[in-house]
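> Structural data only, the sequence is not supplied:
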């Protein structure tokens, strides 16, 4: 990984190993894939577009997001 890691960068630049699918739809189609980066940040990408852009979040951002989801702050999305 010789590229400057930033949100919106091509997922392929983060490598092919280490991506997991903790969230997926029941229809077997689109999944959100996550990868923990060496510096602790988390990258997310769309499984149907593995070369597409990755969203990169700091540990603090991801922790706050997950805490909010657990607290019901994102329930309006469903």
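Good, I have the coordinates. Bear in mind the structure is a predicted one, so any value in this text is a computation, not a measurement. Numbers count the residues shown, from 1 in each chain.
> so how many other residues sit close to the closest residue to residue 39 other than its chain neighbours?
Spatial nearest neighbour of residue 39, excluding adjacent residues (CB to CB, 6 or more residues apart in numbering): residue 5 at 7.7 Å. Heads up, the C-betas are built off the backbone N, CA and C, glycines and all. By the criterion of other CB atoms under 10 Å, residue 5 has 15 neighbours.
> gap between residue 5 and residue 40?
11 Å (CB to CB, to the nearest Å).
> can you pull the contacts of the residue nearest to residue 39?
Residues counted as contacts of residue 5 (CB atoms under 8 Å, 6 or more residues apart in numbering) are 14, 37, 39, 41, 43, 56.
> hey, where'd the strands end up in this structure?
Secondary structure of the chain (DSSP state E): strands at 20-24, 31-36, 42-46, 55-57.
> any idea which of these is most buried?
Comparing the strands of the chain by mean neighbour count (mean count of other CB atoms under 10 Å), strand 42-46 comes out on top with a mean of 20.
> What pairs with that strand, parallel or antiparallel?
Sheet partners assigned to strand 42-46 using DSSP bridges are listed as strand 31-36 (antiparallel), strand 55-57 (antiparallel).
> what does that strand contact?
5, 11, 14, 19, 30-37, 52-57, 59, 62.
> how far does that strand sit from the chain's center?
With CA atoms, centre = their mean, to the nearest Å as the basis, strand 42-46 stands 2 Å off its chain's centre.
> re the thing from before, let me know the pLDDT of the residue nearest to residue 39.
pLDDT recorded at residue 5 is 93.
> for the record, mean pLDDT for stretch 33-44?
Looking at stretch 33-44 alone, the average pLDDT works out to 95.
> So for that stretch, first residue to last residue, what's the gap.
Counting by CA to CA, to the nearest Å, you get 6 Å between the two ends of stretch 33-44.
> Tell me how many other residues crowd residue 40.
For residue 40, the number of neighbouring residues by other CB under 10 Å comes to 10.
> Please tell me how far the nearest residue to it once chain neighbours are set aside sits from residue 65.
In this structure, residue 40 finds its nearest non-sequential neighbour in residue 59, 4.6 Å apart by CB to CB, 6+ apart. Between residue 59 and residue 65 the computed distance is 11 Å (CB to CB).
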